[in-house]
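J.: Prediction below, plus the sequence it came from.
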Amino acid sequence: AQKVTQAQTEISVVEKEDVTLDCVYETRDTTYYLFWYKQPPSGELVFLIRRNSFDEQNEISGRYSWNFQKSTSSFNFTITASQVVDSAVYFCALSERNSKLTFGKGITLSVRP
Amino acid sequence: DAGVIQSPRHEVTEMGQEVTLRCKPISGHDYLFWYRQTMMRGLELLIYFNNNVPIDDSGMPEDRFSAKMPNASFSTLKIQPSEPRDSAVYFCASSSGTGPYSNQPQHFGDGTRLSIL
């Protein structure tokens, strides 16, 4: 069975600090997809990134970067120079071949001014 | 382009009443998902459809819950009779797919916050 573990539950940083959100997954499939979603205080879920199991290249999008390592079954998310608007709950999710998404419990990030 | 549209945004009703949640997926998306979010259990998949056909309803908690998708642009999730433990945020999501390994990102609606008194 697929499983996603986000061991950190709450993180608090001061604006402009870098912060890394950890995600560890379990799956028996060789083909799978990993996602990160953001849920701001307004409640909607916003898609951030999708990565397939055959592409281990790290990705950078502005202040966001993702580090995918199959050897450690991890897909970590780093926010550089955090801002107050980054305050949200961040979910890591895993999808095996049947389109079913399994979410982690989420990490609540608070960025203080 | 319009995203996934859910209605109502908030619903407060008394125990025993029927509740109907509505969802309009993104045009052209052929997968539709219903999720429930609670503090205790996090985000749970209830059911999903592909081309209007229910594929996996193993997450539906019990017979009081039912979901339909009469056409490609509309789905409902119904709870009858409702109970206080059904209080949660219910999300609808849609995605496109071109085969079993598509796993395209799911785009979520704003959710319906349901409170059963």
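T.: In hand now; what should we look at? All values reported here derive from a predicted model rather than from experimental measurement.
J.: Up against chain B, what does chain A have?
T.: Chain A comes close to chain B at residues A:31, A:33, A:35, A:37, A:43-47, A:50, A:52, A:91, A:95, A:97-106, as judged by CB under 8 Å from any CB of the partner chain. To be clear about C-beta, it is placed using only N, CA and C from the backbone, and glycine gets the same treatment.
J.: so where's chain A shaky on pLDDT?
T.: Low-confidence regions of chain A, defined here as pLDDT under 70, cover residues A:98-99.
J.: 80 - rerun?
T.: When residues are selected by pLDDT under 80, those of chain A lie in A:1-2, A:97-100.
J.: Strands of that one, start to end?
T.: Listed from the start of the chain, chain A has strands (DSSP state E) covering A:3-5, A:10-14, A:19-21, A:24-26, A:33-39, A:46-52, A:59-61, A:64-69, A:74-79, A:88-95, A:101-103, A:107-112.
J.: next one: chain B
T.: Read by DSSP E, chain B holds these strands, from start to end of the chain: B:5-7, B:10-13, B:19-24, B:31-38, B:42-50, B:53-56, B:65-71, B:74-79, B:88-95, B:107-108, B:112-116.
J.: Need the ones you listed in TSV (columns: mean pLDDT and mean neighbour count).
T.: Compiled in TSV, the strands of chain B are given as follows (pLDDT from 0 to 100; neighbours: other CB atoms under 10 Å in any protein chain shown):
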stretch	mean pLDDT	mean neighbour count
strand B:5-7	96	17
strand B:10-13	96	14
strand B:19-24	98	19
strand B:31-38	94	23
strand B:42-50	92	20
strand B:53-56	91	14
strand B:65-71	97	15
strand B:74-79	98	19
strand B:88-95	95	24
strand B:107-108	93	21
strand B:112-116	97	18
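J.: now the ones you listed in a markdown table, with distance to chain A?
T.: What follows is the strands of chain B, written out as a markdown table (distance: least, CB to the nearest CB, whole Å):
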| stretch | distance to chain A |
| --- | --- |
| strand B:5-7 | 10 |
| strand B:10-13 | 11 |
| strand B:19-24 | 14 |
| strand B:31-38 | 6 |
| strand B:42-50 | 4 |
| strand B:53-56 | 7 |
| strand B:65-71 | 15 |
| strand B:74-79 | 16 |
| strand B:88-95 | 6 |
| strand B:107-108 | 4 |
| strand B:112-116 | 8 |
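J.: thinking again about what came up before, just say which of the strands of chain A is most tucked in.
T.: Looking across the strands of chain A with neighbours counted as mean count of other CB atoms under 10 Å in any protein chain shown, the highest average goes to strand A:88-95: a mean of 24.
J.: What strands flank that strand, and is each parallel or antiparallel?
T.: If you go by DSSP bridges, strand A:88-95 pairs up with strand A:33-39 (antiparallel), strand A:101-103 (antiparallel), strand A:107-112 (antiparallel).
J.: What angle do strand B:88-95 and the first one make with each other?
T.: Put simply, strand A:33-39 runs at 130 degrees to strand B:88-95, going by axes from the mean of the first three to the mean of the last three CA atoms, to 10 degrees.
J.: would you turn the strands of chain A into CSV with distance to B:Glu62?
T.: Formatted as CSV, the entries for the strands of chain A read as follows, by distance: least, CB to CB, whole Å:
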stretch, distance to B:Glu62
strand A:3-5, 24
strand A:10-14, 33
strand A:19-21, 34
strand A:24-26, 28
strand A:33-39, 27
strand A:46-52, 30
strand A:59-61, 41
strand A:64-69, 38
strand A:74-79, 34
strand A:88-95, 25
strand A:101-103, 21
strand A:107-112, 30
